[in-house]
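>>> Predicted coordinates and the sequence they were generated for:
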Amino acid sequence: QVSATLDERRLRDALTATFGPCRFDHDPLWVVDCPDQKAVGVARAQLQCQPAGMTEWPPLRCALARGAPGGDLVMFNINHGASDGFDAVKLLAAVASAYATGTGPVKPFDFGAAYRLPVRPASAPVSPAGRWYRLAEQRVRDLLAPPARLAPEGKGSDTAAGFHLVCLSAAQTAAIVTIDRPGTTRNTLLAGLHLAIGRWNTEHHAAGLRRAAQRVGVLVPVDLRPPDWPAERVGNFSVTARVSTSGRHRASAAMALDAVTSQTTRNRRTRTGVALLAGLERAGLLPLWSKQSLVVLQPLTRNRLVDTALLANVGWLESPTFGAGAGETRHVWFSSPARGPLTLCVGVVTLDGRLHLVVRYPRRLFDANAAARFADRFVAEAIGVAAARRR
């Protein structure tokens, strides 16, 4: 969201400058008048619930919401096979730059190719047998103790997704975000999300103690790009790693943080999530369609093994500027698609010292009021974890 207005013609030109190497198969831009926040929410849901095709160019859809309170918004729905969240940020910045300058990227974006990433599935101290043992152990645990489902509140029959946006104050952000210690913010948010899910379920079930003891599984995207990865290379080059807690781990904020940190540290050391893919193709990683084939049998399990939630943090961003006439960039929001029909997704961006998060929820799980209540609980739990971290 910008503080002023965006021009439709200039935005179309910016999209052409950014994605122009190929002829457009469709008009990617939709312009809609949004006089209030309700209209913005309707436009956002309508855009995000229509998949952007992989067989058409460009692999995204864009909406310009004009006249919105606080300034115009430009919203993107990018095909997840064409770009993961880490590259979606890059594409947003490129469109903003093209809008401001009238010129596209110095080098055209390279979409759609399958690349071999120079990433080992595990560091030297972890043997192949050890890696496969851990994977087998996780699968057996999944069958015996499938991840908990979030308790519904105010659910409807609509199969679409809803979006609840939260912008923390500078003081709240400073309590959670640690710039000079990579991974600390992610672990704080992860522990806060585990606590929020566990306590939400306890609150919503008569058999609360049993529900509170259930295993909560949260997926976290892991960026596989090496440091020297070319900036113009765009695609889905990430996998997800699971972080789980039991009721015992969630007995306190400090215990939840310890449990989460030990798993993310171990996942980083053993390259959990990469090991399975590398095992299927020793020479390198597989393209996205191969990753998707690994979960093709999920419907046979009635989604029992789908994780409770997904948390994606794309980090601290420099504010993308749309140049003269658009005003300052006030907010940047980000959300990820859900793998399961009842999976909650939380997308996080930190912009200009303020943490922005989107709770993307199935309307068969929450209504708008329930999503707002859950988001408030999540923020409160994350701030509590940060306080425990400092003690």
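The structure has been received and is ready for your questions.

>>> what are the ranges of the strands in the stretch 1-150 of the chain?
29-33, 60-66, 73-78 (DSSP state E, counting those that start in this stretch).

>>> Redo those strands as CSV? Include distance to Ser319 and mean neighbour count.
(C-beta placed from N, C-alpha, C; glycine too.) Shown next, in CSV, are the strands of the stretch 1-150 of the chain (distance: least, Cβ to Cβ, whole Å; neighbours: other Cβ atoms under 10 Å):
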stretch, distance to Ser319, mean neighbour count
strand 29-33, 23, 15
strand 60-66, 19, 21
strand 73-78, 14, 20
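
>>> which one of these lies closest to Leu91?
Evaluated over those, closeness to Leu91 peaks at strand 73-78, with 6.6 Å, by Cβ to Cβ.

>>> which strands and helices sit next to the closest one?
Strand 73-78 sits against helix 37-48, strand 60-66, helix 85-101, with contacts defined as 3 or more Cβ pairs under 8 Å, 6 or more residues apart in numbering; DSSP states H and E.

>>> Please convert the ones you listed to TSV, extending it with mean pLDDT.
Formatted as TSV, those follow (pLDDT from 0 to 100):
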stretch	mean pLDDT
helix 37-48	94
strand 60-66	96
helix 85-101	94
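
>>> With distance to Val379 as new columns, can these be given to me in CSV?
CSV is the format used below for the helices and strands packed on strand 73-78 (distance: least, Cβ to Cβ, whole Å):
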stretch, distance to Val379
helix 37-48, 19
strand 60-66, 25
helix 85-101, 20
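
>>> Indicate which one of these is closest to Asp228.
Asp228 lies closest to helix 85-101 among the helices and strands packed on strand 73-78, at 15.2 Å (Cβ to Cβ).

>>> Return the set of buried residues in that closest one.
85-89, 91-100 (16 or more other Cβ atoms under 10 Å).

>>> hmm, back to that, among the strands of the stretch 1-150 of the chain, which is nearest Pro51?
Short answer: strand 73-78, nearest of the strands of the stretch 1-150 of the chain by Cβ to Cβ, at 7.8 Å.

>>> Compute the inter-axis angle for the closest one and helix 37-48.
20 degrees (axes from the mean of the first three to the mean of the last three Cα atoms, to 10 degrees).

>>> Show me the helices in the stretch 51-200 of the chain, by range?
85-101, 128-144, 170-176, 184-204 (DSSP state H, counting those that start in this stretch).

>>> among the ones you listed, which is the most enclosed?
Highest mean neighbour count of those: helix 184-204, a mean of 24 (counted as mean count of other Cβ atoms under 10 Å).

>>> Show the average pLDDT along that one.
For helix 184-204, mean pLDDT rounds to 94.

>>> again with stretch 262-269
Stretch 262-269 shows a mean pLDDT of 80.

>>> any idea how far that stretch is from the chain center?
19 Å (Cα atoms, centre = their mean, to the nearest Å).

>>> For Val2, find the nearest of the strands of the stretch 1-150 of the chain.
Of the strands of the stretch 1-150 of the chain, nearest to Val2 by Cβ to Cβ is strand 73-78, at 7.7 Å.

>>> could you dump the closest one to CSV, C-alpha only?
C-alpha atoms of strand 73-78 as CSV (Å, rounded to 0.1, in the frame of the first residue of the first chain):
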residue,chain,number,x,y,z
LEU,A,73,-2.9,-0.9,-3.1
VAL,A,74,-1.3,-3.1,-5.7
MET,A,75,-1.8,-6.8,-5.0
PHE,A,76,-0.2,-9.8,-6.6
ASN,A,77,-1.2,-13.4,-6.9
ILE,A,78,1.9,-15.3,-8.1
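
>>> what sits up against that strand?
The contact list for strand 73-78 (Cβ atoms under 8 Å, 6 or more residues apart in numbering) reads 1-2, 6, 11, 34, 40, 43-44, 47-48, 50-52, 59-65, 88, 91-92, 95.

>>> go again using 6 Å as the cut-off
The contact list for strand 73-78, computed with Cβ atoms under 6 Å, 6 or more residues apart in numbering, reads Gln1, Arg44, Leu47, Gln48, Ala52, Leu60, Arg61, Cys62, Ala63, Leu64, Ala65, Ala88.

>>> Neighbours of the second one, how many?
Right, the one you point to is Arg44. Other residues within reach of Arg44 by the criterion other Cβ atoms under 10 Å amount to 23.
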